[in-house]
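**Q** quick check, what structure comes out for this input:
(one chain, ligands or ions: 1)
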Amino acid sequence: MVVNYHNEPGIDFTDSKNVESFKKALEKVKGELNQKIPLVINGEEKFTKDTYQSINPANTSEVIAEVSKATQKDVDDAFDAANEAYKSWKRWSHKDRAEFLIRVAAIIRRRKEEISAVMVYEAGKPWDEAVGDAAEGIDFIEYYARSMMELADGKPVLDREGEHNKYFYKPIGTGVTIPPWNFPFAIMAGTTLAPVVAGNTVLLKPAEDTPLTAYKLMEILEEAGLPKGVVNFVPGDPKEIGDYLVDSVHTHFVTFTGSRATGTRIFERAAKVQDGQQFLKRVIAEMGGKDAIVVDKNIDTDLAAESIVTSAFGFSGQKCSACSRAIVHKDVYDEVLEKAVALTKNLTLGNTENNTYMGPVINQKQFDKIKNYIEIGSKEGKLEQGGGTDDSTGYFIEPTIISGLKSSDQIMQEEIFGPVVGFVKGKDFEELLEIANDTDYGLTGAVITNNRENWIEAVTSYDVGNLYLNRGCTAAVVGYHPFGGFKMSGTDAKTGSPDYLLNFLEQKVVSEMF
Ligand code: ADP
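**A** All right, here's what the predicted structure looks like:
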């Protein structure tokens, strides 16, 4: 038995003691930056000659880590190690693996400030967001440990005279985890340890921008006593090893979070059965969104504006769930827009080391892309607020509101993944919902309404995996809001759900005659 699941708390930064303590953690982590990060294959560290640098997006002259780059040969070695480790890891009982995860979560909890501080530097996360990311990582791990315990004995099936039947869950084999940089700890740890607790072994290829955060998990897994080869760490250039990992005849599953372009590429490539492959690969993909907050008439305009602003600009809009479209009833449009602009003017932007509300965007590529979208949007609609960009010391983009858009406009259709929200007006609730669904994506959405009939309509026909009433569209919490989307947002493998581990398990039936 284990205690019931509960969420890991954040850190209260209104308490000056906590602020002082976190500043110390930042200082300590800063002193340890610019270290070399190895590959970890079969529990052995390997430092390669060919490396790349992870840098601080808030201060691009600051090197976070010098990262070893895995070659295809290293990937081959990692598959060998993972396949070998699988032979014994799959024999551990589900409960023993689940208890191992609880130990991992305990170590992360002790190192929560350190891990959060790494994300402040490596991902440019504001303090609250960084702590939230570390805490969510703990939540995923604790949650999946309990899920595995629940599945440990299988599910009942009927017996009949002279026959006893069993239905239980077994692991699949070796797979690949490809996480994103935007939740460099939570998603990375969750999508690595879910297959692992189910008895599979993994090659973890961290996102290029956040390898140090991922390496922290490797340190912790070693400290917790994970057998060699169960998780192998292969940072590197996706151009060299991305397809190679996905295409491998050893890859039983790929768990991916990132862009639509890469997700669909992986989905397609994984479908091809390679020479000697004796199974079909599974792909679990989360590929982003074009999430909206729909605002009805006769509502609290303060709540609407606040929901839009926090969902659009938290972590600079770099969340799959971020609000990039505000779809507002004509009766309240001007008021909601005005209030959203006023709230946005108060947001602070800067180096998150100093605990600003917003920090930089992650890298030059994203900076250029977002800047371009702001230029496009300013022509398609009216630039109401922000729009300023500065990449002289870090990748800073002001929180930006563009009004007067049409649903067909480019910035209302394409995922921007930055601090930009577009406003569009609708004449009635039916039209608001029509606009909300006018997208290839279907991840999150929120509806602000006091009309129950409209809400029922939204529950029925707003085509998103996560729908919220009278709040923003971000901040899903493990255990409360299983997370994953429809349409081109991915395979709807709801993370943090009671069903998530089934992605990494096969069901076996054993029937015995007496
Ligand atoms: P973004 O543009 O937001 O960085 P990507 O989809 O490019 O999103 O990246 C998400 C993850 O996918 C990263 O870990 C990245 O290294 C990885 N990746 C990129 N290209 C490939 C590929 N061809 N095969 C496998 N993984 C890839």
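
**Q** CA only for contacts and neighbour counts going forward, please
**A** Noted.

**Q** need the contact list for F267.
**A** Counting by CA atoms under 8 Å, 6 or more residues apart in numbering, F267 makes contact with V283, A285.

**Q** surely it is in a helix?
**A** Yes. F267: assigned to a helix according to DSSP: H, G, I helix; E, B strand; the rest coil.

**Q** from V231, how far off is it?
**A** According to CA to CA, to the nearest Å, F267 stands 23 Å off from V231.

**Q** now Y52
**A** Counting by CA to CA - Y52 and V231 are separated by 22 Å.

**Q** with neighbour numbers in mind, choose between the two.
**A** V231 (31 against 17; other CA atoms under 10 Å).

**Q** using the three-state scheme, assign the closest residue to the more buried one other than its chain neighbours.
**A** Excluding its sequence neighbours, the residue lying closest to V231 (CA to CA, 6 or more residues apart in numbering) is V202, at 4.9 Å. Secondary structure, three-state DSSP: V202 is strand.

**Q** quick thing: my sequence starts at 511, can you match it?
**A** Yes, from this point I'll number from 511; that puts the last item at V712.

**Q** quick one: buried residues of the longest helix along the chain?
**A** Counting by DSSP state H, the longest helix found in the chain is helix 637-661. For helix 637-661, the neighbour count (16 or more other CA atoms under 10 Å) marks 637-659, 661 as buried.

**Q** can you tell me the helix or strand for D606?
**A** helix 604-620 (DSSP states H and E).

**Q** how distant is that helix from the center of its chain?
**A** Chain-centre distance of helix 604-620: 21 Å, with CA atoms, centre = their mean, to the nearest Å.

**Q** so which elements touch that helix?
**A** helix 637-661, helix 696-707, helix 721-734 (3 or more CA pairs under 8 Å, 6 or more residues apart in numbering; DSSP states H and E).

**Q** how many neighbouring residues does A771 have?
**A** Neighbours of A771 (other CA under 10 Å): 9.

**Q** buried stuff in the helix or strand where it lies?
**A** Secondary structure assigned from DSSP H and E places A771 in helix 770-781. For helix 770-781, a neighbour-count test (16+ other CA under 10 Å) marks R770, T772, G773, T774, I776, F777, A780 as buried.

**Q** closest to A986 out of those residues?
**A** R770 (20.7 Å; CA to CA).

**Q** wait, doesn't the closest one sit right on A795?
**A** No. Shown here, R770 and A795 do not form a contact pair, counting by CA atoms under 8 Å, at 9.0 Å.

**Q** OK, contacts around D522?
**A** Contacts of D522 (CA under 8 Å, 6+ apart): N528.

**Q** how far away is it from the ligand?
**A** 30 Å (CA to the nearest ligand atom, to the nearest Å).

**Q** same question, G672
**A** 50 Å.

**Q** what parts of the stretch 561-710 of the chain come near the ligand?
**A** I688, P689, P690 (CA under 6 Å from any ligand atom).

**Q** does the helix or strand containing L977 pack against any helices or strands, and if so which?
**A** Per DSSP H and E: L977 is located in strand 976-979. The helices and strands touching strand 976-979, judged by 3+ CA pairs under 8 Å, 6+ apart, are strand 954-958.

**Q** A633 is in contact with N692, correct?
**A** Yes. Judged on CA under 8 Å, N692 makes contact with A633 at a distance of 7.2 Å.

**Q** more crowded one of these two?
**A** With neighbours defined as other CA under 10 Å, N692 and A633 compare such that A633 has more, 29 against 26.

**Q** OK, contacts around that one?
**A** N566, P567, W691, N692, P694, D719, T720, I872.

**Q** any idea how far it is from T761?
**A** 29 Å.

**Q** so which bits of the stretch 711-860 of the chain are right by the ligand?
**A** Counting by CA under 6 Å from any ligand atom, the residues of the stretch 711-860 of the chain near the ligand are P716, A717, E718, P748, G752, D753, T767, G768, S769, T772.

**Q** redo that, cut-off 8 Å
**A** 715-718, 746-749, 751-756, 766-773, 775-776, 797 (CA under 8 Å from any ligand atom).

**Q** which of those residues fall in strands?
**A** Members of those lying in strands (criterion: DSSP state E): F766, T767.

**Q** would you show me how to pick out the buried ones of the residues of the stretch 711-860 of the chain next to the ligand in ChimeraX?
**A** Typed into ChimeraX, the line below selects the buried ones among these, using 16+ other CA under 10 Å:
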select :715,716,717,718,746,747,748,751,752,754,755,756,766,767,768,769,770,772,773,776,797
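
**Q** circling back: what's in contact with whichever helix or strand comes after the strand holding L977?
**A** Sequence order places strand 996-997 as the next helix or strand after strand 976-979, per DSSP H and E. Residues external to strand 996-997 that are found in contact with it (CA under 8 Å, 6+ apart): D950, Y951, G952, L953, D973, V974, G975, D1002.
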